[in-house]
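A.B. asks: Okay, sequence plus prediction incoming.
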Amino acid sequence: MIFDKACFEFAAGKPDQLPESTVPEIVFSGRSNVGKSSLINKLVNRKALARVSAKPGKTGTINFYNLQTCRLVDLPGYGYAKVSQSEKQRWSELVEGYFNAQRNVRLVIQIIDMRHSPSADDLQMIEYLMNSGMPFLIAATKSDKLNKTERINQLQLFQDLFSQAEGLKLIPFSSVNGEGVEEIRSIISEICDH
Ligand code: GTP
Ligand code: MG
């Protein structure tokens, strides 16, 4: 799989704007500002394919990136307190619309911030994924911000929290130093190239 060949394909702001589901889709989900767009950029080796911002709530649409044999799908982040009620409503309709559309979703990469305990929204999303039967893994991002002890403690905490999800992969990730990039690339290649 050639990750460098990714290109922007489509942005959907409403469920009826979703493009037809054709190739397998790899979905990136997580809280606003957790680093979804940065993770995508790192995977495809580009600085700014997906828009990165220090200001949360930047990605308000579902963005589709084409990778020839599959698509990368950047969901808008949840849980940003300053977003209006109507924006939150629009978010849930859009994301539920996406997940309920019987698309060819082959993997959800649920991204959490490695520095913190998962938020209530994170836990709700993970529970939803566990009940949905969709394959998913957890990328614990911003790993570059933890020292050795913090890292061991956080990984233990996540393992304990998600112990009911048997065989769940937990991948420490950093878009700053590249930790976890190759592992996620090879998982995506495995899905899309076969
Ligand atoms: P929304 O689109 O608003 O939901 O945000 P997002 O989840 O796409 O996050 P984005 O990639 O825009 O990154 C948010 C901020 O976190 C930016 O300031 C990034 O530079 C920073 N960031 C992302 N990933 C990492 C990481 O692995 N390590 C560090 N140190 N900072 C990161
Ligand atoms: Mg984003």
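C.D. replies: Thanks, I have the structure now. Residues are numbered from 1 along each chain as shown. Ligands and ions are numbered 1, 2, ... in the order given.
A.B. asks: Name all residues that make contact with Phe173.
C.D. replies: Going by Cβ atoms under 8 Å, 6 or more residues apart in numbering, Phe173 touches 39, 111, 114, 139-141, 143, 179-181, 184. Where you see a C-beta, it was placed from the backbone N, CA and C, and this is true even at glycine.
A.B. asks: top strand in this structure by residue count?
C.D. replies: Of all segments of type strand in the chain, defined using DSSP state E, the longest is strand 105-113.
A.B. asks: Report the outermost residue of the chain with respect to its centre.
C.D. replies: Thr149 (25.9 Å; Cα atoms, centre = their mean).
A.B. asks: In which helix or strand does that residue reside?
C.D. replies: Assigned by DSSP states H and E, Thr149 falls within helix 148-161.
A.B. asks: Counting neighbours, what do you get for Glu150?
C.D. replies: 13 (other Cβ atoms under 10 Å).
A.B. asks: Figure out the helix or strand that the nearest residue to it once chain neighbours are set aside lives in.
C.D. replies: The shortest distance from Glu150 to any non-neighbouring residue, by Cβ to Cβ, 6 or more residues apart in numbering, is to Arg115 (7.6 Å). Using DSSP H and E, Arg115 sits within no helix or strand.
A.B. asks: In this model Leu168 seems to touch Ile126, though I could be wrong.
C.D. replies: No. Between Ile126 and Leu168 there is no contact under Cβ atoms under 8 Å: 9.0 Å.
A.B. asks: Need the overlap of contacts for the two.
C.D. replies: By Cβ under 8 Å, 6+ apart, the residues touching both Ile126 and Leu168 are 138, 162.
A.B. asks: tell me which element the residue most central in space within the chain is part of?
C.D. replies: In the chain, the residue lying closest to the centroid (Cα atoms, centre = their mean) is Phe28, at 2.1 Å. Here Phe28 sits within strand 25-30, counting by DSSP H and E.
A.B. asks: so does that strand get close to ligand 2?
C.D. replies: No. Using Cβ under 5 Å from the ion, we find that strand 25-30 stays clear of ligand 2, coming within 8.6 Å at best.
A.B. asks: Identify all contacting residues around that strand.
C.D. replies: With Cβ under 8 Å, 6+ apart as the test, strand 25-30 has contacts from 36, 39-40, 64, 70-75, 77-78, 103-112, 122, 125, 141, 188, 191-192.
A.B. asks: Just the buried ones from the residues you listed?
C.D. replies: The neighbour count (16 or more other Cβ atoms under 10 Å) marks 36, 39-40, 64, 70-75, 77-78, 103, 105-112, 122, 125, 141, 188, 191-192 as buried among the contacts of strand 25-30.
A.B. asks: can you narrow those to ones near ligand 1?
C.D. replies: With Cβ under 6 Å from any ligand atom as the criterion, the buried ones among the contacts of strand 25-30 include 36, 77, 141 near ligand 1.
A.B. asks: Thanks a lot, see you next time.
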